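Asks: Sequence and predicted structure below; questions after.
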There are 2 protein chains.
Amino acid sequence: MWKKPTFIVNTAKVHLNIKKMQHKAVKSQVAFRPHFKTHQTLQSAELFREKGIHKIAVSSVTMANYFATHNWNDITIAFSLNLKEVNEIDKLASEIDLNLLVESAYGADFLRKNIDSKAGIFIKIDTGYRRTGLTPVNLDEVKRIIQIIKNSETLTFKGFLAHAGHTYLATSKKEIEYIYQSGIQQLNQLKSIFLDDFPNLIVSFGDTPSSSIINDLSGVDEIRPGNFVYYDVMQLKLGSCSEDEIACAVACPVVAVHNDRNEIVIYGGAVHLSKEFIVTKNGQKNYGLVTEIQQSGWSKAIEGAYVKSISQEHGVIFIPDVFINKFKPGDMIGILPVHSCLTANLLKEDTVLIS
Amino acid sequence: MWKKPTFIVNTAKVHLNIKKMQHKAVKSQVAFRPHFKTHQTLQSAELFREKGIHKIAVSSVTMANYFATHNWNDITIAFSLNLKEVNEIDKLASEIDLNLLVESAYGADFLRKNIDSKAGIFIKIDTGYRRTGLTPVNLDEVKRIIQIIKNSETLTFKGFLAHAGHTYLATSKKEIEYIYQSGIQQLNQLKSIFLDDFPNLIVSFGDTPSSSIINDLSGVDEIRPGNFVYYDVMQLKLGSCSEDEIACAVACPVVAVHNDRNEIVIYGGAVHLSKEFIVTKNGQKNYGLVTEIQQSGWSKAIEGAYVKSISQEHGVIFIPDVFINKFKPGDMIGILPVHSCLTANLLKEDTVLIS
């Protein structure tokens, strides 16, 4: 068994999560281009491939190169163009079907002048998250970008892409639905303007909260959820998944038990779980839910227990009276992470798959 | 130059930080056992070695093994004993001078029964942080542990060790001084009880805030600061260092500039900087200070600019009007990290040293 903080992936749950999302995409007749930023591993990638999924999204040139090396040949780098890596992008574009994001005429022109290989271009649209992208009212800049692409021999205009990251800030499913509907309306309006010129242009959307909560995704052409492969406590709080659908946990050794203050200290801290937290209804920070490690994986979350604070290598768990005597130093405890993308990244080299 | 988020270490500043702390230790006549959890790299480790420093602290068995492989032969694992790794500990103890922490008779007895090699034992004392360790009033348990060590042929009682992590929560230098004085008083009282039996027993103390702020450290026998090697924005806020002493920055490519809302988006997010933040006087989260990248390293922090939000790979910088036109996509910006230990860990493979 495990001796130090270990990221456990339940592949049976991963299978179900992928199948469910794939089924929804098929039913909604939208292309399914899962984002691989969450798992970033070849093993989880293979679980997609064996279901016939071949198009993916990633969030860096580094990640694109990694998966391209392992025979993923249709990749969208769903991240604002990093001009510094234009040579790496050019090389990669010569090897696979590569799509890039631009959000300024400056960026589009830079690409046109600096890459020789063919690449697909999405214009990044900001539907309300206010992080990157052009707001749809900025039609002049959209037209300038499209004109630059038209004048290029290597670039092909693919369509409009948005990431509605503000669904993560929503406090109800209704709000997530609103963000989704408002987002696709903005994108489809843009699409309608340019469809005559570009009959194949598509609208790409779909973060994990909206892709999980909205039943009929037919309003878009492509979805790109990523986190759903593992889910986590944040998604549970948002209503995107059930606890049973969370497909990963971090096994952490117990190093101290403080009965007097209902606390258990684990070897498992910010360098394993990340410092991501949710705020509970009582206003407390929660860095993870607490489970028992079992032969088969992990138990249901222990009621009332949570990771209350975290430092570099330590986590401090609050645990109610009735459960505290279950644990002693040397036992393992399972933590359901708040943000599985960050935890998977931190524990890349300490990951085990169970089924 | 750099193309993606890169951790830049200014070795000239590291030299000065080490020399200053070493000088203070010599003047105070205390042993200097720097904690290597912050840098975790061989290059920074060598900067210590060349100054004659040979004793170190680390926070995991993995880290101890790593440095032992590179000829560090006197290591304290300043982390509550992980019983799961007892075999690895036993092996390592057969190779180097190894000190371990225990905080329960249960743990001490487990060690006594399960390791064959000689090891030094510190009893972990909680002087107010309330994370791990025995409170000094728990004298009975301290005595039980010492009795177990006495009965062992392999274990040697070394003394009392504490980490006053609550200095990180202090809001003034005065409070840090109070935490330090109260901590060493508790430890020295314990020491006085057992000194007759163990004339060589030592008191080991010294987090970075108190080791930086207290001028005369002669009240303890050993200090173990770690973060001071690089410092960071959190230490700057605590008053442990000047901005000029911060010896690291993360170079991040600019990917979008939003003049309309005074924001710059960088390729540089939670997987590079970590999600650690400080809260500013105005109640805002601050994930890092902002500098210009220069040939020689980085500039002074740009007044009024800070990283206001962060997601997996993106950071959003607020930047005042007068500076926003300095930057365009493809430029590099330097971020002074809030917590250099976490940032150094995340960017271990993307670190460059400059002088």
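Replies: That came in fine, so what should we check first?
Asks: Tell me the secondary structure at the residue in chain A sticking out farthest from the centre.
Replies: Distance from the C-alpha centroid of chain A, by Cα atoms, centre = their mean, peaks at residue A:260 (39.6 Å). Following DSSP: H, G, I helix; E, B strand; the rest coil, the label given to residue A:260 is helix.
Asks: Which pLDDT value goes with it?
Replies: Per-residue pLDDT puts residue A:260 at 93.
Asks: which stretches of the stretch 251-355 of chain A form helices?
Replies: A:270-273, A:321-324, A:340-346 (DSSP state H, counting those that start in this stretch).
Asks: would you list those helices in CSV and tack on distance to chain B and mean neighbour count?
Replies: C-beta coordinates here come from the backbone N, C-alpha and C atoms, glycine included. Formatted as CSV, the helices of the stretch 251-355 of chain A follow (distance: least, Cβ to the nearest Cβ, whole Å; neighbours: other Cβ atoms under 10 Å in any protein chain shown):
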stretch, distance to chain B, mean neighbour count
helix A:270-273, 5, 25
helix A:321-324, 15, 14
helix A:340-346, 5, 26
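Asks: right, and those helices - which one's nearest residue A:159?
Replies: helix A:340-346 (25.3 Å; Cβ to Cβ).
Asks: quick one, which of the helices of the stretch 251-355 of chain A is nearest to residue A:87?
Replies: Taking the helices of the stretch 251-355 of chain A one by one with Cβ to Cβ, helix A:340-346 is closest: 25.4 Å.
Asks: outside of the closest one, which residues touch it?
Replies: A:7, A:37-41, A:226-227, A:230-232, A:246, A:248, A:250, A:271-274, A:276, A:337, A:351, B:270-271, B:275, B:312, B:346 (Cβ atoms under 8 Å, 6 or more residues apart in numbering or on different chains).
Asks: is the strand or helix carrying residue A:100 up against chain B anywhere?
Replies: Assigned by DSSP states H and E, residue A:100 belongs to strand A:97-102. No: for strand A:97-102 and chain B, the contact criterion (Cβ under 8 Å from any Cβ of the partner chain) is not met; the two come no nearer than 9.3 Å.
Asks: who's in contact with that strand?
Replies: So strand A:97-102 is contacted by A:64, A:73-81, A:89, A:92, A:108, A:111, A:117, A:119-124, A:145, A:158, A:161 (Cβ under 8 Å, 6+ apart).
Asks: Would you list the buried entries among those?
Replies: A:64, A:75-81, A:89, A:92, A:108, A:111, A:119-124, A:145, A:158, A:161 (16 or more other Cβ atoms under 10 Å in any protein chain shown).
Asks: From these, list the ones also adjacent to chain B.
Replies: Within the buried ones among the contacts of strand A:97-102, those near chain B by Cβ under 8 Å from any Cβ are A:79-81.
Asks: residues touching the closest residue to chain B within the stretch 101-250 of chain A, list them.
Replies: Here the residue of the stretch 101-250 of chain A nearest chain B is residue A:132; by Cβ to the nearest Cβ that distance is 4.8 Å. Neighbour list for residue A:132: A:80, A:103, A:124, A:126, B:255-256, B:265, B:314 [criterion: Cβ under 8 Å, 6+ apart].
Asks: residue contacts, residue A:159?
Replies: A:122-123, A:191, A:198, A:201-204, A:221.
Asks: How about stretch A:298-313, which residues are buried there?
Replies: Within stretch A:298-313, judged by 16+ other Cβ under 10 Å, the buried ones are A:298, A:301-302, A:305-313.
Asks: so residue A:267 makes contact with residue B:82?
Replies: Yes: with contact defined as Cβ atoms under 8 Å, residue A:267 reaches residue B:82; the gap is 5.2 Å.
Asks: now what about stretch A:284-300, what contacts it?
Replies: Residues contacting stretch A:284-300 (Cβ under 8 Å, 6+ apart): A:8, A:10, A:233, A:243, A:249-251, A:273, A:275-280, A:301-302, A:305-310, A:315, A:317, A:319, A:326, A:331-338, A:354.
Asks: Stretch A:255-263 too?
Replies: A:264-267, A:308, A:314, A:316-321, A:324-325, A:327-329, B:79-82, B:103-104, B:130, B:132-133.
Asks: buried subset of the residues you listed?
Replies: By 16+ other Cβ under 10 Å, the contacts of stretch A:255-263 give A:264-267, A:308, A:314, A:316-319, A:324, A:327, A:329, B:79-82, B:103-104, B:132-133 as buried.
Asks: So which of those are in strands?
Replies: A:264-267, A:308, A:314, A:316-318, B:79-80 (DSSP state E).
Asks: Now for those residues: which two are most distant?
Replies: The widest separation within these (Cβ to Cβ) is 20.9 Å, between A:318 and B:79.
Asks: just to revisit the earlier point, from the ones in strands among the buried ones among the contacts of stretch A:255-263, pick the one nearest residue B:46.
Replies: Distances from residue B:46 to these, taken by Cβ to Cβ, are shortest for residue B:79, at 23.6 Å.
Asks: picking up where we left off before, taking the contacts of strand A:97-102 one by one, which sit in helices?
Replies: Using DSSP state H, the members of the contacts of strand A:97-102 that fall in helices are A:64, A:89, A:92, A:108, A:111, A:145.
Asks: one step back: now for residue A:267 and residue B:82: what residues contact both?
Replies: A:4, A:253, A:255, B:60.
Asks: Most neighbours among these, which one is it?
Replies: Scoring these on neighbours with other Cβ atoms under 10 Å in any protein chain shown, the highest-scoring entry is residue A:255 at 28 neighbours.
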